[in-house]
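Student: After the sequence you'll find the predicted model.
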Amino acid sequence: MTRQPLQITVIGIGYAGCVTIHALNKIRTTGYTLLAADSDSELLDYVDADEKLEMNLGEIQAKGRGSAGFYYYGKYMAESSSADIRAALSGCDLCILTYGLGGGTGSAGGPVLARIAKEKGAAVVSLVSYPFIVEGRNLRNVGKGLEELIQWSDSVVIQDFNCMADYYHIPISDHLVHMNEMNAACIDLLCTCMQDEDVLIPLNFEDAREFFKRGGFGYTYTASKNSACSIEEIVSECMNHPYLQLPDVSIKDAIILIEGGNNLDLIDCDEIVNRIADKFDMNMNVIYGACFDPKTEEKLQVTALVLTRERSHDIFREFRHYGMEPMKSMLI
């Protein structure tokens with residue numbers, strides 16, 4: 001019996017998600033599908049993707065300009081587009097959702113897309129970014145969005161802009177570019193290790209599916225060093241990453257992805273993974289993949305998706321958004 005190729009669909013919803021899709025289209029190394037979904041027609045015109053989905057409330061109310069940050073606008077738009085979403089996810093084995101929390105389109109529409117993907121039988125992993133604290137208005141949509149998203153996602157992986165601001169002392173606009181590039185690189189590396197049979201260490205999809213299914217909330221981080229660095233240096237770079245300051249819950253699982261030039265070897269990969277695992281808990285479950293990339297000949301890059309198995313939104317009770325109600329409108 002011929003083995004069917006793994007079908008992965010990456011969906012970017014809202015502004016941040018669509019920008020990530022655009023970046024992925026430039027670096028994509030394997031055959032996953034890119035879908036951009038938004039309610040802003042001008043943004044969709046700009047984005048390069050395999051498929052585009054314009055969500056709308058109707059010409060009178062939205063006129064293709066977006067959800068204006070209203071949570072229930074975004075939810076209604078996604079529900080109204082459910083037939084198109086189902087068609088786009090036909091045969092999908094793994095659906096990766098990516099977007100920024102806080103806006104109406106992503107925060108509210110993301111859980112709808114996750115639910116539809118789940119109903120179609122796909123494993124669902126959501127990579128979302130947490131807004132800056134100064135975005136006070138947008139924080140109101142975060143709590144409801146996370147509560148609904150974890151209901152339908154196998155794992156919700158969070159990138160916190162505020163941790164990055166403490167770590168990289170650069171302008172906010174540069175933070176956004178850095179986060180987008182890191183998110184795109186993480187998704188591409190994950191897909192490559194699962195889809196490309198010629199990688200150094202393939203990541204088995206069934207193993208990854210089991211990790212994601214019990215994953216709950218988690219986070220991802222990437223460390224890069226010159227290829228001449230020692231293993232201890234790259235491990236130290238990983239463990240000093242700001243995302244390790246996220247909610248104080250024990251880490252249960254990790255997927256570690258390694259990318260380097262042609263001098264990357266199995267022994268080095270094993271040692272990197274073992275040392276990172278030792279820094280956490282000796283009982284933590286770890287799987288990993290590794291691949292070559294000629295463009296990174298002078299660089300060694302390690303990306304970790306660290307999962308908690310915690311599915312309660314209560315782990316965010318110390319965060320500013322906790323307890324806030326979403327943005328509402330008189331129209332819905």
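Tutor: That came in fine, so what should we check first? Because the structure is a prediction, the values reported are computed rather than measured.

Student: before we move on, what SS does D48 have?
Tutor: Of the three states, D48 takes coil under DSSP: H, G, I helix; E, B strand; the rest coil.

Student: show me the contacts for it.
Tutor: I21, H22, N25, K26 (CB atoms under 8 Å, 6 or more residues apart in numbering). To be clear about C-beta, it is placed using only N, CA and C from the backbone, and glycine gets the same treatment.

Student: Quick check: it vs C186, distance?
Tutor: To C186, D48 is 19 Å away according to CB to CB, to the nearest Å.

Student: cool, and A37?
Tutor: Where C186 is concerned, A37 sits at a distance of 20 Å (CB to CB).

Student: Those two: which is more packed in?
Tutor: Shown here are A37 and C186; by other CB atoms under 10 Å, A37 has more neighbours (32 against 24).

Student: Would you confirm that L190 contacts F205?
Tutor: No - taking CB atoms under 8 Å as the definition, L190 is not a contact partner of F205, at 10.5 Å.

Student: Between these two, which has more neighbouring residues?
Tutor: Between L190 and F205, counted using other CB under 10 Å, the more crowded position is L190 (25 against 16).

Student: Need the three-state assignment for the more buried one.
Tutor: helix.

Student: Out of the contacts of D48, which comes closest to F211?
Tutor: I21 (24.2 Å; CB to CB).

Student: which ones are touching that closest one?
Tutor: So I21 contacts V10, I11, G12, L34, L35, A36, V47, D48, A49, T98 (CB under 8 Å, 6+ apart).

Student: try it again with 10 Å
Tutor: 10-13, 34-38, 47-52, 98, 184, 187 (CB atoms under 10 Å, 6 or more residues apart in numbering).

Student: circling back: could you identify which of the contacts of D48 has the most neighbours?
Tutor: Most surrounded of those: other CB under 10 Å gives I21, at 27 neighbours.

Student: ok, longest strand in this structure?
Tutor: strand 216-226 (DSSP state E).

Student: re earlier: any residues in contact with both of L190 and F205?
Tutor: In contact with both L190 and F205: I8, L94, using CB under 10 Å, 6+ apart.

Student: center of this protein - which residue?
Tutor: In the chain, the C-alpha nearest the mean C-alpha coordinate belongs to L127, at 2.0 Å (CA atoms, centre = their mean).

Student: Buried residues of whichever strand or helix holds that residue, list them for me.
Tutor: According to DSSP states H and E, L127 maps onto strand 123-130. For strand 123-130, the buried set under the neighbour-count rule, 16 or more other CB atoms under 10 Å, comprises A123, V124, V125, S126, L127, V128, S129, Y130.

Student: how far is that strand from where the chain is centred?
Tutor: Counting by CA atoms, centre = their mean, to the nearest Å, strand 123-130 is centred 4 Å from the centre of its parent chain.

Student: wait, T303 sits on L190?
Tutor: Yes - assessed by CB atoms under 10 Å, T303 is found in contact with L190 at 7.9 Å.

Student: Overlap of the contact sets of the two?
Tutor: T220, I255, L257, G289.

Student: shaky segments in the stretch 1-150 of the chain?
Tutor: For the stretch 1-150 of the chain, applying pLDDT under 70 flags the ranges 1-3, 57-69, 133-138.

Student: Could I get the full set of helices for it?
Tutor: 14-27, 41-46, 71-80, 82-88, 104-119, 136-139, 142-152 (DSSP state H, counting those that start in this stretch).

Student: Tell me which of those helices sits nearest to L264.
Tutor: Taking CB to CB, helix 14-27 is the member of the helices of the stretch 1-150 of the chain nearest to L264, at 18.5 Å.

Student: buried stuff in that closest one?
Tutor: The neighbour-count check on helix 14-27 (16+ other CB under 10 Å) flags G14, Y15, A16, G17, C18, V19, T20, I21, H22, A23, L24 as buried.

Student: for stretch 260-268, same thing?
Tutor: For stretch 260-268, by 16+ other CB under 10 Å, it's G260, L264, D268.

Student: Likewise for stretch 286-293?
Tutor: By 16+ other CB under 10 Å, the buried positions in stretch 286-293 come out as V286, I287, Y288, G289, A290, C291, F292, D293.

Student: got the domain boundaries for this structure?
Tutor: For the chain, automatic domain parsing gives the domain ranges 8-198, 220-314.

Student: So which of the contacts of I21 belong to strands?
Tutor: Counting by DSSP E, the part of those found in strands is V10, I11, G12, I13, L34, L35, A36, A37, D38, E51, K52, T98.

Student: Roughly how far does the fourth one sit from S81?
Tutor: As for I13, its distance to S81 is 10 Å (criterion: CB to CB).

Student: Now list whatever residues contact both of those two.
Tutor: A37, S39, L53, M55, G109, V112, L113.

Student: Identify the spatial nearest neighbour of E232, chain neighbours not counted.
Tutor: In space, and not counting its chain neighbours, E232 is closest to R275: 7.5 Å by CB to CB, 6 or more residues apart in numbering.

Student: rewinding a little: could the shared contacts of I13 and S81 be laid out in TSV, adding distance to G143?
Tutor: Listed next are those as TSV, based on distance: CB to CB, whole Å:
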residue	distance to G143
A37	22
S39	22
L53	26
M55	22
G109	16
V112	17
L113	19
